[in-house]
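Chemist: I'd like to go over a predicted model; first the sequence, then the structure.
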Amino acid sequence: MKIYSLHTEQLVNEPLTNVFEFFSRPENLSKITPASLGFKILTPSPIEMNKGTLINYTIRLLFMRVRWTTLITVYDPPHKFIDEQLKGPYSFWHHTHTFKETESGTLIIDDVRYVLPFSILGRIAHFLFVRKQLKKIFSYRSTVISEIFKSYNQNKSESAMSEIKIGGLEV
């Protein structure tokens with residue numbers, strides 16, 4: 001089984017509590033997800049984030065609607081939360097969202113570990129398009145987050161993002 005990882009960092013010039021508040025509202029996921037994925041939350045709003053919160057939504061993959069259910073397994077405001085896929089397109093999906101206060105604002109760190117189904121076919125799919133699609137999704141997300149927080153405070157400096165890193169580990 002191949003476990004892939006994705007790591008992103010983005011610095012926004014906004015207080016930690018404001019950034020965490022934005023990310024702790026699952027309804028905001030649709031704002032930071034590319035329209036091409038057809039992202040739709042099925043869980044009725046408002047969704048209260050806590051350890052144990054279940055969130056159901058659908059996305060469009062290869063012209064099909066796919067149902068995705070995540071469970072919030074860690075909730076430590078305003079520093080971290082973890083969502084894990086219970087049902088969805090991956091064999092395993094573990095997404096750690098970390099928020100760190102810095103002198104320049106808030107550092108948003110995403111660490112995702114994931115496994116694709118279908119063994120060797122999953123590896124080929126990862127090489128051909130999944131890796132690229134995830135980079136594109138997180139790049140889009142970074143751009144939108146920069147715009148959202150710029151609009152929250154026009155007088156602050158531009159947001160910055162480090163390189164999106166995707167790697168793998170054989171287990």
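Modeler: The structure has been received and is ready for your questions.
Chemist: can you pull the contacts of L42?
Modeler: Neighbouring residues of L42 by C-beta atoms under 8 Å, 6 or more residues apart in numbering: N56, Y57, T58, R67. Quick note: C-beta positions are derived from backbone N, CA and C, even for glycine.
Chemist: most surrounded residue in these?
Modeler: When neighbours are taken as other C-beta atoms under 10 Å, the top entry among the contacts of L42 is Y57 (19 neighbours).
Chemist: In space, what's closest to that residue - neighbours in sequence excluded?
Modeler: Sequence neighbours aside, I41 is the residue nearest to Y57 in space, at 4.6 Å (criterion: C-beta to C-beta, 6 or more residues apart in numbering).
Chemist: In this structure the one you found contacts L54, no?
Modeler: No - counting by C-beta atoms under 8 Å, I41 does not reach L54; the two are 11.7 Å apart.
Chemist: the more surrounded of these two?
Modeler: I41 (15 against 11).
Chemist: ok, the more buried one - contacts?
Modeler: Here I41 is in contact with P26, E27, L29, S30, I47, I55, N56, Y57 (C-beta under 8 Å, 6+ apart).
Chemist: Next, the contact list for V12, please.
Modeler: V19, G105, T106, I108, I145, S146, F149, S159.
Chemist: so can I have a markdown table of the residues you listed showing secondary structure, pLDDT and distance to A35?
Modeler: Output for the contacts of V12, formatted as a markdown table (DSSP: H, G, I helix; E, B strand; the rest coil; pLDDT from 0 to 100; distance: C-beta to C-beta, whole Å):
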| residue | secondary structure | pLDDT | distance to A35 |
| --- | --- | --- | --- |
| V19 | helix | 97 | 23 |
| G105 | strand | 93 | 28 |
| T106 | strand | 95 | 26 |
| I108 | strand | 96 | 22 |
| I145 | helix | 96 | 16 |
| S146 | helix | 93 | 18 |
| F149 | helix | 91 | 20 |
| S159 | coil | 45 | 21 |
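Chemist: That's all I had, so thanks and see you.
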